[in-house]
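Participant: After the sequence you'll find the predicted model.
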Amino acid sequence: MADPFLTVEQAPQADGVLHALDFSRLPAATGTYVAAASHGRFDEEAIEQALHAKADHVALVAGKRRAQEIRASLTAKGALPEDLAAQHAPAGLAIGAQDPEEIALSVMAEIVAERCRRRRSD
């Protein structure tokens, strides 16, 4: 989890808390899933970090227009189309989620579905 203000005590289920948006501090691992949900404050930076870290799944909790803006900006910075293909936006399965809890559930359901799909293809 990356949040400059969050303490470990506030997120006891998290594997760790990054206080800077620097995914290079994460241990190298396969099966890395990133969901950027920053209310527009650090979306582009989070997506860029996740793509550089070669995360298997990168989800952006934002609208289609915001996702297109970020995609265009990263393309202008030199991001490759195959890297941008890892970005899923808007994040989550289309279940009609409205409340934050429902949106979180739809994002996690998308991640589980992706993990299962990857396992079947291996």
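Facilitator: Structure's in. What do you need?
Participant: What distance do you get for the residue nearest the centre of the chain to Gly78?
Facilitator: Of all residues in the chain, the one closest to the mean position by CA atoms, centre = their mean is Ala35, 2.5 Å from it. Noted for Ala35: a distance of 24 Å to Gly78, by CB to CB, to the nearest Å. Backbone N, C-alpha and C define where each C-beta goes, glycine included.
Participant: about what we covered before: which helix or which strand is home to the residue nearest to the centre of the chain?
Facilitator: Here Ala35 is covered by strand 33-36, with elements defined by DSSP states H and E.
Participant: How about Ala59?
Facilitator: Ala59 is part of strand 57-60 when elements are defined by DSSP H and E.
Participant: for that strand, what is the average pLDDT?
Facilitator: When the per-residue pLDDT values of strand 57-60 are averaged, the result is 90.
Participant: for that strand, packing partners?
Facilitator: Strand 57-60 makes packing contacts with strand 33-36, helix 43-52, helix 64-76, strand 87-88, helix 100-121 when contacts are defined by 3 or more CB pairs under 8 Å, 6 or more residues apart in numbering; DSSP states H and E.
Participant: How far away from the center of its chain is the first one?
Facilitator: A distance of 2 Å separates the centroid of the chain from that of strand 33-36, by CA atoms, centre = their mean, to the nearest Å.
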